[in-house]
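In: could you work out the structure for the sequence below:
(chains A and B)
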Amino acid sequence: MTCPSEFICALYADGELAETESRDVRIHLESCDRCHSMIESLIEENRLLSSVLQEDLMPKVSESRLSLQPLVFFALGLSTLVRITSALIQDFSIPAALQWLNPLDLSGQINLIVSGISFTARGGLESLISAFWTFALIVGNAALLTAAFRFLRKRTGIATLLFVIGFVLLAARPTYAAEVRRSGPTITIGANETLDNTLIAAGESITIDGTVTGDVIATGRYISIRGIVKGDLIGFAQNVQVIGTVEGNVFGFGQNVLIRGKVLRNVYGMGELVEVGRDATVGGSATGFSATMTIDGDVVGDTTSYANVTNIHGNVGRHLDLRSGRMVLFSGGKVAGDFNALVKRPEDVEIQSGASILGRQNIQVQPPDVSRYLLLSFYIRQLLWLIGALISGLLMFWLLPALTRVRLDNGTAILRAAGFGFLIAVATPVAVIILAITVVGLPIALISIAAWLLVLYLSKIVIAQFVGRALLGSQGAVSLLLGLAFVVIAINVPYIGGIVNLLLTVLGFGATILVIRGSDVSGT
Amino acid sequence: MHTDQRFEELYSAHYPRILALCRYLLNSTDAAQDAAHEVFLRAQRSIHTYDPNLPFAGWIAGIASHYCVDILRRRTTESRIFGSGEDEPVAVGLSPLSSMILSERGSDVRAALAGLPDKYRVPLVMAYYNEWTYDQIAETLGLHRNHVATLIYRGKQQMREILAHHATKGVRE
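Out: Purely as a prediction, here's the structure:
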């Protein structure tokens, strides 16, 4: 008998040959060593295949490939949290905040976030509760995100849904069970009306003649408080006006922030004009970041001005701090504490006769600007940024290898990335402000702005990676370092460095977003 | 009440096996978890059809296999995921894998299995995980016995190809 085919051997090994055929094979095997060993190994193969399949009855909980990345994401979340917390302790200063578009200066960006968070976190127990909730929110979400990544990595839809639900649940603070009003152009709380809640309102004009026992968070063209707000007033509007009483703090953003009535705690004003009117009283301190800051009434605490022009006709109960611009202390104006000023020239401070300062006067004239290129600290800072960016970059390209695919080798690709980058870079903050008006949107807004800042920071690294790869023709830590060095030098070229910085950021931003979105950046 | 308790015991005793079976058949851990739950729900509903003289493991493996094959059929637009039986080339292939490769690289073997198309993976799982005969497989899949034999033979050939490729790559590294 000739040797049976391999197929027949396989059937024999599986015990699936009919009895007669099986007998033929068995007889053949006695005389053919080759077929005998073939059948032996086939049977052995079957046996091992069975046992290998049985041995994996319990799926292993951790597969190293999958468990590491969520951990890194978690660590990143935690480090952000640590940064935010440490920045909370620092004083909030606006010159740094103006640098927010410059990712070289991380503290500027953090100050921006922190100033947002600290609106809710100023004062006593409330601040503790608020800080706790912020903490719980971030930690909770980091954990949730990790869990979602870990267990639902194939079901992104469900993961996202769970994430959002968890987010909203965590964000739903009992004290923030606010009343949201958005209907109609005008929103009015009538004179006899008492709103036993926090009011969140958006409309053309918002007028409060009655009483709101919680906070008022409002945005619109005109915000006018003629009644009583027992909590804080946070207003974004062309005109934010307090004629009545705000028992908490006032955070006003707008063209004009006008205090004509009583504010029992602090006033923070940002805008063209921040004014404490003649009959107005501010129980705490007044801080202005504006073109003009005018104090005609009484400020019981400190007054701090970052304004271009500061006019004091009224009384400052404690110290007066002038941080920039010019100041006139008019006749009749009074400062009960010290007067500190940091100005460019001595003649920027004018104290009229008839004005009084009871404490010490300390007027510092800022030395003329030393070229920053002569300072050692400048180079140390650039070096630190370089190291930080290198580490962040290596981490980023490890987590998101897709970003190394960024290609900007023709005009179309560059224009596309730049246009897209500019659009998103500008649109995100606008969208965030709109989102932030609603309670549900607020945490999403915070996360969005955090993501936005992160991408803004990373965008130059993406560009640096591209530059390094173009120069060396290879990819890796060395080419990234070279690219980063080029970027650092380019954005610090005198006079045009700022524009280069902006362009690179926008370009990198667009390229990053396009890659993350899964779109091809090659422009082909 | 008594049956419920009994079913609980059966569930905890057989769930891991059924989960693994569903995972092999469906090639997805997530889908397998859903499927395994569904299989036990179905088993509970039709427990009256179970003959206590036969092993429960075999009965529930039958339900699971049918259910998973249904899922696979729904996943694809092809009317016959297992082919017609005539288009299967019977390759003159590699010799059986050495016992060393199989025993030392269990995870590679499972990965190779997962890499096979449904039509080869499903019969292989039934033959070597369920340890069913060709007839049982043919009945479950609604195929002719010879067709099943070809699929199993061809599937094993493909696994050998994948694993041999792995092995040479491993040697080169």
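
In: go ahead and confirm B:Ala32 touches B:Leu26.
Out: Yes: between B:Ala32 and B:Leu26 there is a contact under Cβ atoms under 8 Å: 5.3 Å. Backbone N, C-alpha and C define where each C-beta goes, glycine included.

In: which ones are touching the spatially most central residue of chain B?
Out: Chain B has B:Val125 as the residue nearest its centroid, 2.8 Å off, counting by Cα atoms, centre = their mean. Residues near B:Val125 by Cβ atoms under 8 Å, 6 or more residues apart in numbering or on different chains: A:53, B:21, B:24-25, B:113.

In: what about it, distance to A:Ile380?
Out: For B:Val125, the distance to A:Ile380 (Cβ to Cβ, to the nearest Å) stands at 63 Å.

In: which residues in chain B form helices?
Out: B:2-26, B:29-45, B:56-75, B:99-104, B:106-114, B:118-128, B:134-141, B:145-172 (DSSP state H).

In: can you lay out these as JSON lines showing mean pLDDT?
Out: Formatted as JSON lines, those follow (pLDDT from 0 to 100):
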{"stretch": "helix B:2-26", "mean pLDDT": "81"}
{"stretch": "helix B:29-45", "mean pLDDT": "87"}
{"stretch": "helix B:56-75", "mean pLDDT": "88"}
{"stretch": "helix B:99-104", "mean pLDDT": "58"}
{"stretch": "helix B:106-114", "mean pLDDT": "83"}
{"stretch": "helix B:118-128", "mean pLDDT": "91"}
{"stretch": "helix B:134-141", "mean pLDDT": "90"}
{"stretch": "helix B:145-172", "mean pLDDT": "80"}
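
In: go through these and pick out the most buried.
Out: Mean neighbour count, computed with mean count of other Cβ atoms under 10 Å in any protein chain shown, is highest for helix B:118-128 among the helices of chain B, reaching a mean of 24.

In: got the CA positions of it in CSV?
Out: Output in CSV follows, covering the C-alpha atoms of helix B:118-128 (Å, rounded to 0.1, in the frame of the first residue of the first chain):
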residue,chain,number,x,y,z
ASP,B,118,-13.8,32.6,11.6
LYS,B,119,-14.3,29.6,9.3
TYR,B,120,-11.1,27.9,10.5
ARG,B,121,-11.1,29.2,14.1
VAL,B,122,-14.6,28.0,15.0
PRO,B,123,-14.2,24.4,14.0
LEU,B,124,-10.7,24.2,15.5
VAL,B,125,-12.0,25.5,18.8
MET,B,126,-14.9,23.0,18.7
ALA,B,127,-12.5,20.2,17.9
TYR,B,128,-9.7,20.9,20.3
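
In: find the least confident helix or strand in chain A, judged by mean pLDDT.
Out: helix A:94-97 (a mean of 36; mean pLDDT, DSSP states H and E).

In: ok, the closest residue to B:Gly115 other than its chain neighbours to chain A distance?
Out: Excluding the flanking residues, the one nearest B:Gly115 by Cβ to Cβ, 6 or more residues apart in numbering or on different chains is B:Ile162, at 5.9 Å. Distance, B:Ile162 to chain A, by Cβ to the nearest Cβ, to the nearest Å: 13 Å.

In: circling back: reformat the helices of chain B as JSON lines; add distance to A:Leu399.
Out: Shown next, in JSON lines, are the helices of chain B (distance: least, Cβ to Cβ, whole Å):
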{"stretch": "helix B:2-26", "distance to A:Leu399": "28"}
{"stretch": "helix B:29-45", "distance to A:Leu399": "23"}
{"stretch": "helix B:56-75", "distance to A:Leu399": "31"}
{"stretch": "helix B:99-104", "distance to A:Leu399": "33"}
{"stretch": "helix B:106-114", "distance to A:Leu399": "24"}
{"stretch": "helix B:118-128", "distance to A:Leu399": "33"}
{"stretch": "helix B:134-141", "distance to A:Leu399": "43"}
{"stretch": "helix B:145-172", "distance to A:Leu399": "27"}
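
In: roughly how far apart are the residue nearest the centre of chain A and A:Pro443?
Out: When Cα atoms, centre = their mean is applied to chain A, the residue found nearest the centroid is A:Ala450 (1.8 Å). Distance, A:Ala450 to A:Pro443, by Cβ to Cβ: 10 Å.

In: and what of A:Leu481?
Out: 37 Å.

In: over to A:Gln352?
Out: In terms of Cβ to Cβ, A:Gln352 sits 50 Å off from A:Pro443.

In: looking at these two, which has the bigger crowd around it?
Out: A:Pro443 (21 against 12; other Cβ atoms under 10 Å in any protein chain shown).

In: so A:Thr188 is in contact with A:Glu204, correct?
Out: No: A:Thr188 lies out of contact with A:Glu204 (Cβ under 8 Å); the separation is 11.4 Å.

In: so who does the nearest residue to A:Ile449 once chain neighbours are set aside touch?
Out: In space, and not counting its chain neighbours, A:Ile449 is closest to A:Val432: 5.0 Å by Cβ to Cβ, 6+ apart. Counting by Cβ under 8 Å, 6+ apart, A:Val432 makes contact with A:445, A:448-449, A:452.

In: which residues touch A:Val216?
Out: The neighbourhood of A:Val216, defined by Cβ under 8 Å, 6+ apart, consists of A:198-199, A:201, A:208, A:225, A:229, A:231-235.

In: show me which of the residues you listed is closest to A:Pro401.
Out: For the contacts of A:Val216, the closest approach to A:Pro401 (Cβ to Cβ) belongs to A:Ile234, at 42.2 Å.

In: just to be sure, the closest one is in a strand?
Out: Yes: counting by DSSP: H, G, I helix; E, B strand; the rest coil, A:Ile234 is found in a strand.

In: on the pLDDT front, check it for me.
Out: Predicted confidence (pLDDT) for A:Ile234: 86.

In: ok, A:Arg221 - contacts?
Out: A:204-205, A:237-239.

In: are any of the residues you listed buried, and if so which?
Out: By neighbour count, with 16 or more other Cβ atoms under 10 Å in any protein chain shown, the contacts of A:Arg221 hold A:205, A:237, A:239 as buried.

In: least trustworthy position among those residues, going by pLDDT?
Out: If you rank the buried ones among the contacts of A:Arg221 by pLDDT, A:Ala237 sits at the bottom with 78.

In: doesn't that one lie inside a strand?
Out: Yes: judged by three-state DSSP, A:Ala237 forms part of a strand.

In: in the stretch 351-500 of chain A, mark out all the helices, start to finish.
Out: Secondary structure of the stretch 351-500 of chain A by DSSP state H, counting those that start in this stretch: the helices cover A:376-399, A:411-436, A:441-472, A:477-491, A:497-516.
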